[in-house]
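**Q** Predicted coordinates and the sequence they were generated for:
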Amino acid sequence: MFFHSGSWLLAPDSLSLYDLNGFEELNNKRMRVENILTVDLEDWFHICEVEHLLPRRNWDRLPSTVVASSENLLSLLEQSGSRATFFVLGYVAEKYPELIQLIHHMGHEIAYHGWDHELVYNLSKSDFRQILRKGIRCLERLVDQRVVGFRAPQWSINNRSVWALEILAEEGFAYDSSMAPLKIIGNESYPRNPWQVSTATGQLWELPPLTLKTPFGRYPAGGSWGLRCLPYPLIRRRVQKLNERQTPALFYFHPREFGGKKSVPGLPPAKKFAVYGGVWRSGSQLKKLVADFQFISIKQYLASQ
């Protein structure tokens, strides 16, 4: 489904050295796999399920770091020639439109991440549809281009909200990246590689994050604390194994991982670890990844399928 090669009929005695070199070069190009890089473009205070600590009404009074942190990340990507999909929060796009336009002009894809970091399974169907339309209008005005991708905050399209996929397809989205093959936030039975979902309103591509199999279940190796705390050689070997099967690995980052840490007093230990655990390693892990592998956006990947 993800890689189709053509057939070659060649007479061995008619091949010159030039032909063989050209064939080898073409074959190497066919075998090369480009992996997928994504960014959840949100501010440091966009943390799910801590409304009592970071209420929405206070957001505008908090010191933002999203522009400076995003510029650090963009500089790293530019140096490596990598391209990424930026899943943009509507709140950020409305406050910092120039940042969204900069990301777009640098060759990265703009996709949608919800408006106020809402968990999809806490929304009604009509509220979800309205949030989609509001965000798409905002983003498309900024980049003058159709926005076709969505990622739910905290991977919140799962068994509790699978209805959201039909709405995404009906609203014209081409792909989603919200269904994590992991316990608690998703379901380990979900496919672990890019796959197509058929709904009553159309088809969607689903792009899951990288995971590793362990005796205790799937490990979240594609981003956040899972990526930051894992020895890099293990990540590299997993990506190499996937690429040998012509399958890309998908990684995700957040701007707050590339700027100064903002503390949140009273943050529960589990949430604190998820947000900040090993955060000082984000830059080094990403630098190693872009040095060892090629990365493109989701839109670029799907265009090649």
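**A** Yep, it's here.

**Q** Okay, helices next: where are they in this protein?
**A** 17-31, 66-80, 90-95, 97-105, 125-143, 164-170, 224-229, 232-244, 269-276, 282-292, 298-303 (DSSP state H).

**Q** Show me what the third one packs onto, helices and strands only.
**A** The reference is to helix 90-95. If you count contacts as 3 or more C-beta pairs under 8 Å, 6 or more residues apart in numbering; DSSP states H and E, helix 90-95 packs onto helix 97-105, helix 125-143. Placement of C-beta: from N, CA and C, glycine included.

**Q** so can I have CSV of these showing mean neighbour count?
**A** As requested, the helices and strands packed on helix 90-95 are arranged in CSV below (neighbours: other C-beta atoms under 10 Å):
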stretch, mean neighbour count
helix 97-105, 16
helix 125-143, 16
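
**Q** circling back to that earlier point, distance to residue 210 and mean pLDDT for the helices of the chain - can I get that in a markdown table?
**A** As requested, the helices of the chain are exported to a markdown table (distance: least, C-beta to C-beta, whole Å; pLDDT from 0 to 100):
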| stretch | distance to residue 210 | mean pLDDT |
| --- | --- | --- |
| helix 17-31 | 20 | 42 |
| helix 66-80 | 18 | 97 |
| helix 90-95 | 25 | 98 |
| helix 97-105 | 23 | 98 |
| helix 125-143 | 26 | 98 |
| helix 164-170 | 21 | 98 |
| helix 224-229 | 8 | 96 |
| helix 232-244 | 7 | 97 |
| helix 269-276 | 17 | 93 |
| helix 282-292 | 10 | 97 |
| helix 298-303 | 14 | 97 |
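
**Q** Need the ones you listed in a markdown table (columns: distance to residue 52).
**A** Shown next, in a markdown table, are the helices of the chain (distance: least, C-beta to C-beta, whole Å):
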| stretch | distance to residue 52 |
| --- | --- |
| helix 17-31 | 52 |
| helix 66-80 | 23 |
| helix 90-95 | 19 |
| helix 97-105 | 29 |
| helix 125-143 | 21 |
| helix 164-170 | 26 |
| helix 224-229 | 22 |
| helix 232-244 | 35 |
| helix 269-276 | 12 |
| helix 282-292 | 27 |
| helix 298-303 | 34 |
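
**Q** And those: which comes nearest residue 116?
**A** Nearest of these to residue 116, taken as C-beta to C-beta: helix 90-95 at 5.6 Å.

**Q** What residues sit buried inside that closest one?
**A** Across helix 90-95, burial judged by 16 or more other C-beta atoms under 10 Å covers 90-93.

**Q** Just give me the residue right at the centre of this structure.
**A** residue 38 (3.2 Å; C-alpha atoms, centre = their mean).

**Q** ok, now which ones touch that residue?
**A** 84-87, 151, 177, 250-253, 297-298 (C-beta atoms under 8 Å, 6 or more residues apart in numbering).

**Q** Which members of those residues occur in strands, if any?
**A** Among the contacts of residue 38, DSSP state E puts 85-87, 250-253 in strands.

**Q** Would you mind giving the residues you listed as TSV with neighbour count, pLDDT and distance to residue 59 added?
**A** As requested, these are exported to TSV (neighbours: other C-beta atoms under 10 Å; pLDDT from 0 to 100; distance: C-beta to C-beta, whole Å):
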residue	neighbour count	pLDDT	distance to residue 59
85	28	98	24
86	27	98	20
87	25	98	18
250	24	98	29
251	25	98	27
252	22	98	22
253	26	98	21
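
**Q** Can you tell me which of these lies closest to residue 67?
**A** Looking across the ones in strands among the contacts of residue 38 and measuring by C-beta to C-beta, the closest to residue 67 is residue 86, at 13.2 Å.

**Q** May I have the beta-bridge partners of the closest one?
**A** Following DSSP bridges, residue 86 is listed with bridge partners residue 39, residue 110.

**Q** related to what we said a few turns ago, what's the closest of the helices of the chain to residue 158?
**A** Nearest to residue 158 among the helices of the chain is helix 164-170 (9.5 Å), distances taken as C-beta to C-beta.

**Q** coming back round to it: got the buried residues of helix 90-95 as a markdown table, with distance to residue 212 columns?
**A** What follows is the buried residues of helix 90-95, written out as a markdown table (distance: C-beta to C-beta, whole Å):
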| residue | distance to residue 212 |
| --- | --- |
| 90 | 33 |
| 91 | 33 |
| 92 | 31 |
| 93 | 33 |
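
**Q** hmm, back to that, could you save the ones in strands among the contacts of residue 38 as TSV and add columns showing distance to residue 209?
**A** As requested, the ones in strands among the contacts of residue 38 are exported to TSV (distance: C-beta to C-beta, whole Å):
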residue	distance to residue 209
85	12
86	16
87	12
250	5
251	7
252	6
253	11
